[in-house]
Every structure is written in C-alpha cells, then in structure tokens.
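In: below is the structure, and that's it, no one-letter string:
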C-alpha cells in the first residue's frame with residue numbers, strides 16, 4: 001500500500017567493495033522519519049538487503065531533530081547482476097514505489113571507472129568524448145572535482161578545465177562561479193606556459209585550454225579578453241615549429257584575431273594573411289597516419305580559404321575570386337568557429353555590401 005506523504009532524501013554514495021554493494025543515503029517523510037524497510041531494484045530486479053540506521057547530525061538544522069536518525073547504510077550481497085558497467089539502481093522505502101531516491105552525481109562516477117583513482121580513468125570517464133559519461137552535468141561536476149583532486153598536476157588540471165569550459169559553452173551548464181574558474185584557468189595557463197619546451201603535453205594543453213577559454217570569453221561577450229587569449233595562442237604556436245600539434249587551434253586563433261579587429265573597424269589585411277601563412281609553414285608536418293587529422297586538415301584549409309577570400313574582397317581584387325563571392329562562414333568546418341557564427345557569438349558581415 002502506497003504512502004501518500006512526500007519523501008525527501010538521496011543516495012549519497014554507492015561502494016563496490018569485497019563482493020558486495022554498500023549504499024549510503026538518507027530519507028524523511030514530510031511528517032517524520034521513515035520506518036519502512038528499503039526496497040532496492042537492480043536492473044529491474046528486487047534484491048534482498050540488510051539495513052543499518054545511521055546518525056545524520058548534518059541534517060537536523062534543515063529538517064529538525066527527527067532527521068538525526070534518517071541516515072541508512074544498505075548492504076547487498078554479491079550477484080552476477082551486480083556489475084559496475086550499465087548498472088541501474090533504484091532505492092525507495094517500501095510503500096513509496098513512485099518516489100525513488102535521487103542518486104548523487106558522485107555515485108554515478110563511483111559506478112563507472114572512478115576518475116579520481118587513476119589518471120587513465122580520468123581520461124576515459126571524463127575527457128574522452130567517445131568513452132566518457134554521457135550526462136553533461138555529471139561530467140561538469142566531475143571536472144570541478146578533478147580540478148581540486150589534481151591540483152598538484154598542472155596538466156591534469158588543464159584537461160579538467162577544458163572539459164568544464166566546453167560543458168559550460170556547448171551544454172549551457174549553469175556555473176555561478178565564473179570569476180573563480182577564470183582565475184584558476186589563468187593560473188594554470190601561466191604554469192603550463194612556464195614549462196613549455198617543445199610540442200609535449202604542456203604545449204598541447206596550453207593551446208587546447210586557451211582555445212576553450214577564448215571561446216568562453218566570446219560567449220560571455222568579453223571581446224577584449226577573448227582577443228588577448230587568442231593572441232596568446234598565436235604567439236605560442238609561432239614559437240613551436242616542425243609539428244602539426246596545435247595547428248587547428250593556431251589557425252582558428254589567427255582567424256578570430258583578424259575578424260575581431262575587422263569588427264572593431266581595423267581592416268588589417270596582414271592579420272588575415274597570417275592565417276594562410278601559418279598554414280603554409282605547417283602543412284608539411286601534417287600527420288597522415290592519424291585518422292582524425294584529416295578532419296583537422298579540412299578545418300584548417302577551409303578556414304584559411306575564407307581568410308584569403310576576405311583579403312581579396314577587402315583589397316578590391318574581385319577578379320581573383322568567383323563572381324559574386326562573399327564571406328561564407330558556413331563553408332568553415334572548424335566546429336567551434338562555425339558554431340560561433342551560427343549562434344551569433346560572432347556576427348556575420350557581408351563584405352561585398354561594405355565594399356560597395
């Protein structure tokens with residue numbers, strides 16, 4: 001028989017340990033403590049459990065003294081169905097079938113390869129777009145925890161910051177402490193830059209984090225900050241030669257610098273020429289063995305092509321381009337640059353009309 005009173009509570013932790021599952025959490029009814037036994041469903045199957053009541057002094061201020069006994073620890077024995085991958089756990093007191101307890105996000109991380117146990121787990125669970133957790137809010141949450149957990153490792157911090165900025169930008173994850181994360185990002189970038197000697201991980205993640213950071217500043221309408229960040233990408237990628245690493249972000253940065261200057265009223269032909277020149281210098285280092293590099297090659301050549309088109313139109317050399325040709329951001333395949341134009345983060349201008 002269902003209890004109509006409202007249930008409050010959550011699953012705070014799920015531990016896989018020595019052949020059993022241990023579930024920590026708490027629950028309350030609106031009119032007092034929950035006295036019923038727990039029901040645990042794993043992949044749709046009801047499982048036998050044992051429960052221990054746990055004191056929760058941390059909840060009494062918000063919910064009153066009856067919350068002191070609201071905590072629980074549920075133990076489940078080992079069964080083949082208890083597998084970390086693809087497991088679906090539902091917990092509710094008997095009689096509250098329609099009020100399954102919410103599972104804290106950290107539990108989902110513990111159910112997968114915990115990103116805080118080993119750096120390789122971090123890359124697999126949080127960073128890699130193919131294998132990472134699919135829920136953007138959980139990924140953002142894990143990125144914040146990773147920034148704290150790996151605070152002694154600048155490279156891992158930069159990876160976590162990249163993940164967080166992209167989730168804020170692409171998935172519109174609300175993040176109230178933008179200034180705080182901006183400050184941390186600037187500090188990490190300074191540390192990375194101080195240790196760049198070649199095209200190693202410090203260089204790669206300095207460029208990647210700066211790229212994410214720059215687009216974030218564009219989204220936040222902080223154009224001067226964005227211009228400064230993309231200028232830093234251009235400066236550091238000029239220093240590292242004889243490599244393909246960083247070239248896509250280097251091309252994007254140079255294009256955005258020239259375009260932002262144009263929007264501000266500075267027709268800097270040389271700035272657009274530097275897009276093509278940078279590609280000419282690095283094209284010989286294209287890594288054809290890397291399958292994904294072919295997408296990057298398409299991105300950089302399309303971006304450079306539009307930069308060349310802009311210089312021809314602005315310089316009045318219309319006979320050197322197709323009749324009626326105009327700047328077409330849809331021809332750019334670089335994902336973030338194309339998105340910036342599509343969503344109005346960067347306004348699209350008609351060069352033909354401006355030159356008429």
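Out: Yes, it's here. The model shown is predicted, which means the values in this text are computed figures rather than measured ones.

In: shaky segments in the protein?
Out: Applying pLDDT under 70 to the chain flags residues 1-5, 16-19, 31-35, 78-87, 104-114, 117, 352-356.

In: other SSEs contacting the host helix or strand of residue 311?
Out: Using DSSP states H and E, residue 311 falls within helix 293-314. In this structure, helix 293-314 packs against helix 247-263, helix 269-282, helix 351-355, with contacts taken as 3 or more CB pairs under 8 Å, 6 or more residues apart in numbering; DSSP states H and E. Where C-beta positions appear, they are placed from N, C-alpha and C, glycine not excepted.

In: same list (these) but as TSV, adding distance to residue 176.
Out: Listed next are the helices and strands packed on helix 293-314 as TSV, based on distance: least, CB to CB, whole Å:
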stretch	distance to residue 176
helix 247-263	27
helix 269-282	36
helix 351-355	40
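
In: nearest to residue 345, out of those helices?
Out: helix 247-263 (10.5 Å; CB to CB).

In: point out the most buried one among the helices and strands packed on helix 293-314.
Out: Highest mean neighbour count of these: helix 247-263, a mean of 24 (counted as mean count of other CB atoms under 10 Å).

In: got the angle between that helix and helix 293-314?
Out: Angle of helix 247-263 versus helix 293-314, following axes from the mean of the first three to the mean of the last three CA atoms, to 10 degrees, is 20 degrees.

In: return the distance of helix 247-263 from the chain's centre.
Out: For helix 247-263, the distance from its own C-alpha centre to the chain's C-alpha centre is 22 Å (CA atoms, centre = their mean, to the nearest Å).

In: list the helices and strands that helix packs on?
Out: Using 3+ CB pairs under 8 Å, 6+ apart as the contact definition, the elements that helix 247-263 packs against are helix 201-219, helix 223-239, helix 269-282, helix 293-314, helix 335-342.

In: what about 7 Å?
Out: With contacts defined as 3 or more CB pairs under 7 Å, 6 or more residues apart in numbering; DSSP states H and E, the packing partners of helix 247-263 are helix 201-219, helix 223-239, helix 269-282, helix 293-314.

In: what does it rub up against?
Out: Contacts with helix 247-263, where a contact means CB atoms under 7 Å, 6 or more residues apart in numbering, come from 207-208, 211, 223, 227, 230-231, 233-234, 237, 268, 271-272, 274-275, 278-279, 282, 296, 299-300, 303-304, 307, 334, 337, 346-347.

In: do the same with stretch 194-214
Out: Surrounding stretch 194-214, the residues in contact under the criterion CB under 7 Å, 6+ apart are 155, 158-159, 161-162, 165-166, 185, 188-189, 192-193, 226, 229-230, 232-233, 236-237, 240, 243, 245-246, 249, 252.

In: just to revisit the earlier point, the helix holding residue 311 to helix 269-282, inter-axis angle?
Out: Here helix 293-314 runs at 150 degrees with respect to helix 269-282, directions being taken by the same axes, to 10 degrees.

In: would you mark the buried spots in helix 293-314?
Out: Judged by neighbour count using 16 or more other CB atoms under 10 Å, the buried positions of helix 293-314 are 296-297, 299-300, 302-314.

In: what do you get for stretch 191-202?
Out: Of the residues in stretch 191-202, those scored as buried under the neighbour-count criterion (16+ other CB under 10 Å) are 192, 196, 199, 201, 202.

In: need the max-distance pair from those.
Out: Between all members of the buried residues of stretch 191-202, the longest pairwise span (CB to CB) is found for 192 and 199 and amounts to 13.1 Å.

In: show me the helices in the stretch 51-200 of the chain, by range?
Out: Here the stretch 51-200 of the chain has its helices, by DSSP state H, counting those that start in this stretch, at 60-63, 105-111, 119-122, 136-149, 154-170, 178-194.

In: give the buried residues for the first one.
Out: Same thing as helix 60-63. residue 63.

In: related to what we said a few turns ago, and among the helices of the stretch 51-200 of the chain, the most buried is which?
Out: For the helices of the stretch 51-200 of the chain, ranked by mean neighbour count under the definition mean count of other CB under 10 Å, the leader is helix 154-170 at a mean of 23.

In: and that helix with helix 335-342, angle?
Out: Using the same axes, to 10 degrees: helix 154-170 against helix 335-342 is 30 degrees.

In: who are the packing partners of helix 154-170?
Out: The helices and strands touching helix 154-170, judged by 3+ CB pairs under 7 Å, 6+ apart, are helix 136-149, helix 178-194, helix 201-219.
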